[in-house]
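**Student:** Have a look at this fold, sequence not included:
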């Protein structure tokens, strides 16, 4: 994850974003870079791809999160269920050529909504963070609010409080607020 830091810092500084939150999101969403989406799709932020294509990666073998609607294909000798994944509409992830491409997409398409192609617009979350920093709100409080607002607006299906709490624990554990120092 450390190798992502220079790229995260470059985009965070360019657009006045919390590098601490972006790094914490990468750690949280990719299991410290060891998730299958991170390894096989360079997707460190759990970014969904809502249609099949060459830029999509299908995550298979996930636990049944669809309230029993997925067909169980078999049960292994160790008790693990293997689900019919082809009918799941939410197990496709965007595939990136590199970590840098993934970070750029998160910042420019997801956060800033520059192309308008991402289905949710989080640019108001960015503007709120920037206003808070300019008005003197602590970087820690502004980072919490940034993560909270992302969760509340649907970045994570468990909501704002959950997402902000998880993100801030990672920020504190790895002292990631230091990445936000020296910026307006």
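**Tutor:** Sure thing, it's come through. All values reported here derive from a predicted model rather than from experimental measurement.
**Student:** Now do the strands in this structure.
**Tutor:** Assigned strands in the chain, in chain order: 56-58, 72-75, 81-83, 92-94 (criterion: DSSP state E).
**Student:** rank the ones you listed by mean pLDDT and give me the bottom one.
**Tutor:** Among the strands of the chain, strand 81-83 carries the lowest mean pLDDT, at a mean of 57.
**Student:** where does this protein have low pLDDT?
**Tutor:** Along the chain, segments meeting pLDDT under 70 span 50-54, 56-74, 78-90, 182-184.
**Student:** Taking the centroid of it, which residue is nearest it?
**Tutor:** Centroid-nearest residue in the chain: residue 45, 2.9 Å away (criterion: C-alpha atoms, centre = their mean).
**Student:** Was I right to think residue 125 contacts residue 112?
**Tutor:** No - contact criterion C-beta atoms under 8 Å: residue 125 and residue 112 do not qualify, at 10.0 Å. Where C-beta positions appear, they are placed from N, C-alpha and C, glycine not excepted.
**Student:** Look at those two and report which has more neighbours.
**Tutor:** Between residue 125 and residue 112, residue 125 has the larger neighbour count (other C-beta atoms under 10 Å), namely 22 against 19.
**Student:** Next, work out how far apart the residue nearest to the more buried one when sequence neighbours are not counted and residue 42 are.
**Tutor:** Using C-beta to C-beta, 6 or more residues apart in numbering and skipping residues adjacent in sequence, the residue nearest residue 125 is residue 149, 4.4 Å away. Distance, residue 149 to residue 42, using C-beta to C-beta, to the nearest Å: 26 Å.
**Student:** distance of the residue lying closest to residue 22 once chain neighbours are set aside from residue 99?
**Tutor:** Residue nearest to residue 22 in three dimensions, not counting chain neighbours: residue 8, with 4.9 Å by C-beta to C-beta, 6+ apart. From residue 8 over to residue 99 the distance is 9 Å, taken as C-beta to C-beta.
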